[in-house]
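**Q** quick one: sequence plus predicted model below, questions after.
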Amino acid sequence: MDFFSFDDVTGDEEQQEETRRRGPLWRHALWVVGVTALALGFGWAAASFRLGPEEYGLPPAGPGSPWGLLAVCAAAGVVTTAVLRTAAALVPVYGPGRVGFVLVFLGTRLALGFRPEPPVLAAGAAAAVAAALAWCAVAAVTHRRAARATA
């Protein structure tokens, strides 16, 4: 998994074919679960301390059981990373691992810090999925334009 590679998408059509993430379904599923679990773990670890000053900083994880919030974040994270990985299997997508990690990490950290009500939590999960869809749409449009330019 080239998690920190910056040469995911190149201008050459032959090299773009190589940057698509192809392979068996189990590898894609393992990638989705792995990125989601890693981001959840980092988000949970980051929630153990306060970010910024008391007045306007991001608070640490609130009291109570975090399992419900983590379950919602995990479900949203799996959908978010699955969208990114599916698009990356079809067209070259720049940094799907990094984008998925950041979206799931931030969602987990914010959910554990602020303990939102269910409608707000659902809106945050929908926003993460929408951001992943937008990232994939940009990649698809860019790939289509590049394919038309070379044809």
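**A** That came in fine, so what should we check first?

**Q** buried residues in the longest helix belonging to the chain?
**A** When the chain is parsed with DSSP state H, its longest helix is helix 118-150. Applying a neighbour-count criterion of 16 or more other Cβ atoms under 10 Å, one finds 121, 124-125, 128-129, 131-132, 135-136, 139, 143, 146 buried in helix 118-150. For glycine as for every other residue, the C-beta is placed from the backbone atoms N, C-alpha and C.

**Q** got TSV for these, with pLDDT and distance to residue 80 too?
**A** Formatted as TSV, the buried residues of helix 118-150 follow (pLDDT from 0 to 100; distance: Cβ to Cβ, whole Å):
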residue	pLDDT	distance to residue 80
121	96	14
124	96	11
125	97	8
128	97	5
129	97	5
131	97	8
132	97	5
135	96	10
136	95	10
139	93	15
143	89	20
146	86	25
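
**Q** distance to residue 103 added to those residues, as JSON lines?
**A** Compiled in JSON lines, those are given as follows (distance: Cβ to Cβ, whole Å):
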{"residue": "121", "distance to residue 103": "15"}
{"residue": "124", "distance to residue 103": "10"}
{"residue": "125", "distance to residue 103": "10"}
{"residue": "128", "distance to residue 103": "5"}
{"residue": "129", "distance to residue 103": "9"}
{"residue": "131", "distance to residue 103": "6"}
{"residue": "132", "distance to residue 103": "6"}
{"residue": "135", "distance to residue 103": "9"}
{"residue": "136", "distance to residue 103": "12"}
{"residue": "139", "distance to residue 103": "15"}
{"residue": "143", "distance to residue 103": "21"}
{"residue": "146", "distance to residue 103": "25"}
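
**Q** nearest residue to the residue nearest the centre of the chain in space, please, no chain neighbours.
**A** The residue lying closest to the centre of the chain (Cα atoms, centre = their mean) is residue 100, at 1.5 Å. Nearest non-adjacent residue to residue 100, counting by Cβ to Cβ, 6 or more residues apart in numbering: residue 81, 4.0 Å away.
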